[in-house]
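**Student:** fold the following for me, if possible:
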Amino acid sequence: MKALVFLGADSMGLRDEPDAAARAPGQVLLRVDAAGICGSDLHAYHGHDPRRVPPMILGHEAVGRTANGRRFVPNPLIPCGCCARCAEGRTHLCPNRTMLGMQYAGCFAEAVAAPEANLIAVPDHASDIAAALTEPTACVLHALHLSQRALARPVAEARCLVIGGGAIGLLAALYLKAWGARGVMLAETGEGRRRTVAKADAAEPFDPRATPPDAGHLDLVFDAVGSSVTRRMASTAVAPGGVILHIGLQDSEPGLDTRRMTLQEITVLGTYCYTRADMEHALAALAGGVLGDLSWVEERPLADGAAAFAELGSGRAAAPKIILRP
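**Tutor:** Got it, this is the predicted structure:
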């Protein structure tokens, strides 16, 4: 089968790989219809993720078909099912979890093997693009549920700042708008992505280098970048008693003003992935048009995947999400 393979730092190649096959009982083969490039795939592409060892077929945001033609989204997280976190239903925090596109061959290929128990049926009226966005949208939904519980007042009454205009940031802004947040600003340094955010009517985009957000005025700050620069921005912008939701993983450098967090009772939440319920609700929202027409997603053939990675990795891409089609 044809597959886009991570060959080493800043190197991807389309090549022939052995046909995907079920590795164990209870697994099924999906013919991949569409697979999205995630920020974590880019992290690996740059050689910054020791868990993804080349040569490796990356990709974990996908939709595909079984032999009978039914469409499914695979939940790429594979928990052990035996630990305390799994018993609590928080399988995404399983310390023994594995993942498609990390320990196992991923979705940037003509086919992928996945546990049957991890498959989520796609409604007939849902587009492939909507279905392929299920995984990142579930990340956002899970994060917003955490922040909703931490906020002193409902999201509909919150002044919100999203940092980063990639797919996670744009989806967060779209969800906040759908939930009735009274004001959503989005900080993005890339001009092309600011135009994309404005066109999607998701939030009020601005360049934080030219116009930093007002200090101490935002009830919820959603950091979809996760760098020392954006953590400092979040620390300054959040209001007393507010919430910083940290989902980005760009680096592990300092940046949070922990003294201010303490003196002004600011909640800082880390968030990782999603539960199956998050994925099911995210797919329903996407299929139902809750998050708009998704016209900001760009589609390209799998054969052009190496160029797409190079474009995204250099920051030249205006599209927050590129979907590859085998």
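**Student:** can you count the residues close to the residue nearest to Lys321 when sequence neighbours are not counted?
**Tutor:** Among residues not flanking Lys321 along the chain, Ala167 sits closest, at 4.1 Å (C-beta to C-beta, 6 or more residues apart in numbering). Backbone N, C-alpha and C define where each C-beta goes, glycine included. Ala167 sits with 25 neighbouring residues when counted by other C-beta atoms under 10 Å.
**Student:** which ones are touching Ala167?
**Tutor:** Each residue near Ala167 by C-beta atoms under 8 Å, 6 or more residues apart in numbering is listed here: 36, 38-39, 133, 136, 320-321.
**Student:** show the pLDDT at it.
**Tutor:** For Ala167, the pLDDT comes out at 96.
**Student:** correct me, but Trp62 touches Pro74?
**Tutor:** Not quite, residue 62 is Ala, not Trp. Yes. Counting by C-beta atoms under 8 Å, Pro74 is a contact partner of Ala62 at 6.2 Å.
**Student:** comparing these two, which residue is more hemmed in?
**Tutor:** Per other C-beta under 10 Å, whichever of Ala62 and Pro74 has more neighbours is Ala62, with 31 against 28.
**Student:** which strands and helices lie in contact with the helix or strand containing that one?
**Tutor:** Of the helices and strands defined by DSSP states H and E, Ala62 is found in strand 61-65. Secondary-structure packing of strand 61-65 (3 or more C-beta pairs under 8 Å, 6 or more residues apart in numbering; DSSP states H and E): strand 27-36, strand 71-74, strand 111-115, helix 128-132, helix 134-150.
**Student:** need the ones you listed in JSON lines with mean pLDDT, can you?
**Tutor:** What follows is these, written out as JSON lines (pLDDT from 0 to 100):
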{"stretch": "strand 27-36", "mean pLDDT": "97"}
{"stretch": "strand 71-74", "mean pLDDT": "98"}
{"stretch": "strand 111-115", "mean pLDDT": "96"}
{"stretch": "helix 128-132", "mean pLDDT": "98"}
{"stretch": "helix 134-150", "mean pLDDT": "97"}
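**Student:** can you tell which of these is closest to Arg51?
**Tutor:** Closest to Arg51 of the helices and strands packed on strand 61-65 is helix 134-150 (C-beta to C-beta; 17.2 Å).
**Student:** now the element after that closest one, going C-ward?
**Tutor:** Remark: after helix 134-150, the chain's next helix or strand is strand 159-163, criterion DSSP H and E.
**Student:** show me what contacts the residue most central in space within the chain?
**Tutor:** For the chain, the residue nearest the mean C-alpha position is Pro136 (3.2 Å; C-alpha atoms, centre = their mean). Contacts for Pro136 (C-beta under 8 Å, 6+ apart) come out as 36, 38, 61, 167-168, 171, 321.
**Student:** residue contacts, the spatially closest residue to Ala105 that is not a sequence neighbour?
**Tutor:** Leaving aside its sequence neighbours, Ala105 sits nearest to Ile57 (C-beta to C-beta, 6+ apart; 4.3 Å). Residues near Ile57 by C-beta under 8 Å, 6+ apart: 3-6, 17, 101, 105-109, 112.
**Student:** look up phi and psi at Ile57.
**Tutor:** With angles defined as degrees, to the nearest 10, Ile57 sits at phi -80, psi 110.
**Student:** I'd say Gly164 and Asp223 touch.
**Tutor:** Yes. Contact criterion C-beta under 8 Å: Gly164 and Asp223 qualify, at 7.3 Å.
**Student:** joint contacts of the two?
**Tutor:** In terms of C-beta under 8 Å, 6+ apart, Gly164 and Asp223 are both contacted by the residues 230, 248.
**Student:** quick one: the strands in the stretch 151-300 of the chain, in order.
**Tutor:** For the stretch 151-300 of the chain, strands defined by DSSP state E, counting those that start in this stretch occupy the ranges 159-163, 183-187, 204-206, 218-223, 238-246, 267-270, 297-301.
**Student:** Ala126 is nearest to which of those strands?
**Tutor:** Of the strands of the stretch 151-300 of the chain, nearest to Ala126 by C-beta to C-beta is strand 297-301, at 13.5 Å.
**Student:** alpha carbons only: can I get that closest one in CSV?
**Tutor:** Provided in CSV are the C-alpha atoms of strand 297-301 (Å, rounded to 0.1, in the frame of the first residue of the first chain):
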residue,chain,number,x,y,z
VAL,A,297,-10.1,23.0,6.0
GLU,A,298,-7.9,22.3,3.1
GLU,A,299,-7.8,19.0,1.3
ARG,A,300,-4.7,17.5,-0.5
PRO,A,301,-3.8,14.1,-2.0
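**Student:** can you list the strands that the strand holding Ala62 pairs with?
**Tutor:** Sheet pairing of strand 61-65 (DSSP bridges) gives strand 27-36 (antiparallel), strand 71-74 (antiparallel).
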